[in-house]
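Colleague: Based on what follows, work out the 3D shape:
(one chain, ligands or ions: 1)
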Amino acid sequence: MGSYIPYPNPTSARIVIVEDEPQLAELESDYLRHAGFQTHMLADGLQVLPWLAGNHADLILLDLMLPGLDGLALCQAIRRSSAVPIIMVSARVEEADRLLGLELGADDYLCKPFSPREMVARVKTVLRRLGPAAAEPTTVAGFSLDADAMKVSAGPLEIQLTAVEFQLLQVMYRQPGRIFSRSHLMDSIYQDQRIVSDRTIDSHIKKLRKKLTELSPGQELIQSVYGAGYRFEAAIKP
Ligand code: CA
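Modeller: Just a heads-up that it's a prediction; the model follows:
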């Protein structure tokens, strides 16, 4: 218990391609299928949320500029109810766009033009990192994490986390008792470390701890280890 088990069969994952340029969508789909993934293509931003409401996705390749509803608005809307891994795809390369995409909950960012091989490699990396944990709720020490809904529960109590809070908790929760440095945590949840500082991590952790006390009053589930970082303490009273 506790050690991270890599995604056993990444090739069975279903990748949803949200892209309004048909040729690019076909190209992405061809390469992903060749790599063994299942794919589903959506060309209009307005199709995405209804489709996700009735279907399972393991990862979403999300174009920024779309008819109907743009990628940033979609990313934000998806994150209200799901931690499904999202890679934003965009021709816009400004730092501000990338920052906004990641702040809104994207897990990685791919700039057009990209090589299809790089795209496949990024998909695999993100799935390995966040994986599919994604799909299955897990339980450690009386606490259940549901990544699809970004919720944590203990008995009848339940709290809702943001995407960043959920990812931080998930990283520590998978290895109870282990101390994680801030840079390790940053590395685990952000692909591009330049955009976050130690203080950003501290501020997310602070909010996360506050929410967790609702599940377990009087106990510090996430402990601060002076000069070292944080750890999830699994010795929970039933
Ligand atoms: Ca587009």
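Colleague: so residue 167 makes contact with residue 130?
Modeller: Yes: using CB atoms under 8 Å, residue 167 makes contact with residue 130 at a distance of 7.1 Å. For glycine as for every other residue, the C-beta is placed from the backbone atoms N, C-alpha and C.
Colleague: Low-confidence ranges, this protein, go.
Modeller: Under the criterion of pLDDT under 70, the regions of the chain flagged as low confidence span 1-12, 92-96, 98, 131-141, 190-196, 234-238.
Colleague: Around the ion, which positions in it sit nearby?
Modeller: Proximity of the chain to the ion, by CB under 5 Å from the ion, involves residues 20, 63, 65.
Colleague: Out of the residues you listed, flag the one nearest to residue 211.
Modeller: The nearest member of the residues of the chain next to the ion to residue 211, counting by CB to CB, is residue 63 at 32.7 Å.
Colleague: rewinding a little: are there residues contacting both of residue 167 and residue 130? Which ones?
Modeller: Shared contacts of residue 167 and residue 130 (CB atoms under 8 Å, 6 or more residues apart in numbering): residue 83.
Colleague: Please pick the buried ones from the residues of the chain next to the ion.
Modeller: The neighbour-count test (16 or more other CB atoms under 10 Å) marks 63, 65 as buried among those.
Colleague: Turn the residues of the chain next to the ion into a markdown table, including distance to residue 86 and secondary structure.
Modeller: Listed next are these as a markdown table, based on distance: CB to CB, whole Å; DSSP: H, G, I helix; E, B strand; the rest coil:
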| residue | distance to residue 86 | secondary structure |
| --- | --- | --- |
| 20 | 17 | coil |
| 63 | 11 | strand |
| 65 | 16 | coil |
